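K.L.:
How does the following fold in three dimensions:
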Amino acid sequence: MKAYEEIGRKLQKAREEAGLSQEELAKKLGCTQASLSNYELGKRRLYLADLQRIGQLLGKPVTYFLEDSEDEQPSHRDLDRMLKEQFVKEILAAVRDLKPAQKKSVLDYILWQKSGGK
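P.N.:
Numbering: from 1, shown residues only. Below is the predicted model:
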């Protein structure tokens, strides 16, 4: 699904959850119902400032419109990124309790591994 269509779908969902018609939300936004319809269909681009204003009116953070849908499966790349982030968090949590000299040893070891272990 194209990004504009995904944002538009989320906009429509948020509007409906707020109990507003297209006409009502368009009036609050100061645009026409036809413009709002085009946003919801992904035919017109919404700028970040517009999304922020819409989010405020509908009680949604901007990230609601920009993040992947909960019902969509993450890609392999997304899964790899999340696993790496979790792994880094685990490393940092483990290092947090070490003494300063031990932390330096861990850093030295990481740098040694990064250089090819030579």
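
K.L.:
Toward the C-terminus from the lowest-mean-pLDDT helix or strand in the chain, list the very next helix or strand.
P.N.:
Ranking every helix and strand in the chain by mean pLDDT, DSSP states H and E puts helix 76-96 at the bottom, with a mean of 74. On the C-terminal side of helix 76-96, the closest following helix or strand by DSSP states H and E is helix 100-114.

K.L.:
other SSEs contacting that following helix?
P.N.:
Using 3 or more C-beta pairs under 8 Å, 6 or more residues apart in numbering; DSSP states H and E, no helix or strand is in contact with helix 100-114. C-beta coordinates here come from the backbone N, C-alpha and C atoms, glycine included.

K.L.:
List of residues touching that helix?
P.N.:
Here helix 100-114 makes contact (C-beta atoms under 8 Å, 6 or more residues apart in numbering) with V95, L98.

K.L.:
Distance check, K84 against G116.
P.N.:
For K84, the distance to G116 (C-beta to C-beta, to the nearest Å) stands at 20 Å.

K.L.:
Need the CA coordinates for stretch 12-30. PDB is fine.
P.N.:
Extracted C-alpha coordinates of stretch 12-30, given in PDB (Å, rounded to 0.1, in the frame of the first residue of the first chain):
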ATOM      1  CA  GLN A  12     -10.500   8.000   8.000                       C
ATOM      2  CA  LYS A  13     -10.300   5.400  10.900                       C
ATOM      3  CA  ALA A  14      -9.400   8.100  13.400                       C
ATOM      4  CA  ARG A  15     -12.100  10.400  12.100                       C
ATOM      5  CA  GLU A  16     -14.700   7.700  12.400                       C
ATOM      6  CA  GLU A  17     -13.500   6.700  15.900                       C
ATOM      7  CA  ALA A  18     -14.000  10.400  16.900                       C
ATOM      8  CA  GLY A  19     -17.500  10.200  15.600                       C
ATOM      9  CA  LEU A  20     -17.100  12.900  13.000                       C
ATOM     10  CA  SER A  21     -18.300  13.000   9.400                       C
ATOM     11  CA  GLN A  22     -16.000  14.200   6.600                       C
ATOM     12  CA  GLU A  23     -17.900  17.400   6.500                       C
ATOM     13  CA  GLU A  24     -17.600  18.100  10.200                       C
ATOM     14  CA  LEU A  25     -13.800  17.400  10.300                       C
ATOM     15  CA  ALA A  26     -13.300  19.400   7.100                       C
ATOM     16  CA  LYS A  27     -15.000  22.400   8.700                       C
ATOM     17  CA  LYS A  28     -12.800  22.200  11.700                       C
ATOM     18  CA  LEU A  29      -9.700  22.000   9.500                       C
ATOM     19  CA  GLY A  30     -10.900  24.800   7.300                       C
END
